[in-house]
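*Asks:* Give me coordinates for this.
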Amino acid sequence: MHAIQITEHGSADVMRWVELDDPTAAPGQVVVELGAAGLNFIDTYQRSGLYQVGLPYVLGLEGAGTVVEVGDGVDHLVVGDRVAWASTPGSYAERVAVPAAQSMKVPDGIDWEVAAAIPLQGMTAHYLAVDTYPLGPDDTCLIHAGAGGVGLLLIQIAKLRGAEVYTTVGTPEKAELAKAAGADHTVLYRDVDFAEAIRGIAGTERPLDVVYDGVGKSVFSQSLSLIRQRGMMVTFGNASGPVDPVSPLDLSANGSIFLTRPTLFHYASTPDEIQARADDLFGWHAAGDLDVRIGERFALADAADAHRALEGRATTGKVVLLP
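*Replies:* Reported below is the predicted structural model:
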C-alpha cells in the first residue's frame with residue numbers, strides 16, 4: 001500500500017509518498033480500505049513537531065472506509081462493514097489498522113467524504129457544545145474561525161441548541177458561509193478589532209457566556225475580556241500558535257472565569273460515547289439539520305499541498321484526502 005510518511009519534523013516539504021507493507025489486524029483491530037481521510041490542524045502540529053510523535057510516522061488520525069479484515073476478539077464488526085474513526089494514527093494510507101473500540105458504524109447513504117469529515121471535527125463540535133459548555137437557549141457564544149471545518153459544524157450545533165452565535169472570519173466570502181450555517185453575527189477580524197465590534201453589537205462590555213477558540217495565541221487575551229463573570233473560556237486549538245502561559249490571577253481579574261483546554265480523546269473515551277456522538281451527527285446530517293461542507297479535495301498523494309492550503313488559511317469547511 002501507499003501512505004504519507006515523515007521521517008523528520010518540519011514544513012510540509014518533509015511529507016513523503018511511500019510504499020509500505022499492508023497492515024494486518026491485531027487482536028481488537030480491523031483493517032479498513034480507505035474511502036477518504038480527513039485533514040485536521042492536529043496533523044500539521046504532529047508534522048511540525050509542536051506535538052511530538054515517534055519517527056518515522058504515517059500522518060493522519062481520521063478517515064472512513066470498508067472493513068476488509070477483522071482481528072481476534074472483535075465481535076461487533078464484520079468484513080464489508082462501513083466504519084469511520086477519529087483517533088487512529090496512520091490514517092493517510094490506503095489501508096489502516098483501526099482499533100475496533102474506537103470505530104463508529106457509518107449508516108448506508110452517507111458518502112465517504114462526509115463520513116471522513118464528521119468524526120474528528122464533528123465530534124469536537126459536538127462535545128464542545130453539548131458537554132464542555134452545554135449551550136442552551138439563554139446562552140451567547142463566540143466561535144472563532146467560523147468558516148473552518150469545526151467552526152461551521154459548531155455554529156450549526158449551537159443553533160440547534162438555541163444559542164445566540166457570534167463568529168469571527170477573515171473574508172466576506174467566509175462571512176457568508178458562517179451566516180449560511182446560522183451565525184447571528186459575523187465579524188471580519190482583519191478589518192476591525194473583533195472585541196470592540198462584538199461589544200458594539202451587544203451593547204455591553206462582557207456579553208458572552210462562552211468563547212470556543214480554535215485559533216489560540218492571537219485572540220486569547222481579547223476573548224477573555226468579552227466573557228461574563230463566571231463564564232467559560234474554551235481553548236481547543238492553536239491555529240495562530242499556542243497560547244502564552246496564563247496566570248490564575250488573570251482569570252480572577254476577568255471575573256472568576258473558568259478556563260479549560262479540552263481534547264476529543266477525553267470526551268470520546270468509550271465505544272458507547274463514540275457511537276452516541278456519531279449517531280447524533282449522522283442523524284442530524286441525514287435529517288438535513290447538519291450540513292457538512294466539503295471545502296477542498298486533494299489526492300492522498302498530494303497531502304503536502306493540502307497541509308499548505310490549511311496552514312495558509314486558504315480553505316473553508318472540511319478538507320478531505322482521497323485515495
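*Asks:* Would you mind giving the domain segments of the chain?
*Replies:* With domains defined by automatic domain parsing, the chain comprises 2-120+270-322, 137-261.
*Asks:* Then Leu310 would be within a helix, right?
*Replies:* Yes: checked against DSSP: H, G, I helix; E, B strand; the rest coil, Leu310 lies within a helix.
*Asks:* Show the pLDDT at it.
*Replies:* For Leu310, the model assigns a pLDDT of 92.
*Asks:* quick one, what contacts the most centrally placed residue in the chain?
*Replies:* Centroid-nearest residue in the chain, with C-alpha atoms, centre = their mean: Gln121, separated by 2.8 Å. Gln121 makes contact with Gly38, Asn40, Gly149, Val150, Leu153, Lys318 under the criterion C-beta atoms under 8 Å, 6 or more residues apart in numbering. Bear in mind the C-beta positions are built from the backbone N, C-alpha and C, glycine included.
*Asks:* can we see that at 7 Å?
*Replies:* Asn40, Gly149, Val150, Leu153, Lys318 (C-beta atoms under 7 Å, 6 or more residues apart in numbering).
*Asks:* That one looks like it's in a helix, true?
*Replies:* Yes: assessed with three-state DSSP, Gln121 lies in a helix.
*Asks:* circling back to that earlier point, I'd like the domains of the chain as TSV, with mean neighbour count and distance to Ala129 appended.
*Replies:* As requested, those are exported to TSV (neighbours: other C-beta atoms under 10 Å; distance: least, C-beta to C-beta, whole Å):
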stretch	mean neighbour count	distance to Ala129
domain 2-120+270-322	19	11
domain 137-261	19	5
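*Asks:* who wins for proximity to His126 among those domains?
*Replies:* Proximity to His126 (C-beta to C-beta) singles out domain 2-120+270-322 among these, at 4.9 Å.
*Asks:* Sort out which of the contacts of Gln121 are in helices and list them.
*Replies:* With DSSP state H as the criterion, helices contain Gly149, Val150, Leu153 from among the contacts of Gln121.
*Asks:* from the residues you listed, which is closest to Asp193?
*Replies:* The closest of the ones in helices among the contacts of Gln121 to Asp193 turns out to be Val150 (C-beta to C-beta; 23.6 Å).
*Asks:* helix or strand for Asp43, which one?
*Replies:* helix 41-48 (DSSP states H and E).
*Asks:* Same question for Arg199.
*Replies:* Going by DSSP H and E, Arg199 is in helix 194-202.
*Asks:* now the next helix or strand after that helix against helix 194-202, angle please.
*Replies:* With elements assigned by DSSP H and E, the helix or strand that comes after helix 194-202 is strand 208-213. Per axes from the mean of the first three to the mean of the last three C-alpha atoms, to 10 degrees, the angle that strand 208-213 makes with helix 194-202 is 140 degrees.
*Asks:* And the next helix or strand after strand 208-213, how far out from the chain middle?
*Replies:* Counting by DSSP H and E, the element after strand 208-213 in chain order, helix or strand, is helix 220-224. The chain centroid and the centroid of helix 220-224 are separated by 21 Å, computed with C-alpha atoms, centre = their mean, to the nearest Å.
*Asks:* helices or strands up against the helix or strand just after helix 220-224?
*Replies:* Counting by DSSP H and E, the element after helix 220-224 in chain order, helix or strand, is strand 227-235. Applying 3 or more C-beta pairs under 7 Å, 6 or more residues apart in numbering; DSSP states H and E, we find strand 227-235 packed against strand 208-213, helix 220-224, strand 258-260.
*Asks:* rerun that using 6 Å as the cut-off
*Replies:* Using 3 or more C-beta pairs under 6 Å, 6 or more residues apart in numbering; DSSP states H and E, the elements in contact with strand 227-235 are strand 208-213, strand 258-260.
*Asks:* Quick check: can you name the pairing partners of the shortest one and their directions?
*Replies:* When you say that, I think you mean strand 258-260. The strands beside strand 258-260 in its sheet (DSSP bridges) come out as strand 227-235 (parallel).
*Asks:* I'd guessed Arg308 sits against Ala12; true?
*Replies:* Yes: at 5.1 Å, Arg308 counts as touching Ala12 under the criterion of C-beta atoms under 6 Å.
*Asks:* Let me know the closest of the contacts of Gln121 to Ala64.
*Replies:* Looking across those and measuring by C-beta to C-beta, the closest to Ala64 is Lys318, at 12.1 Å.
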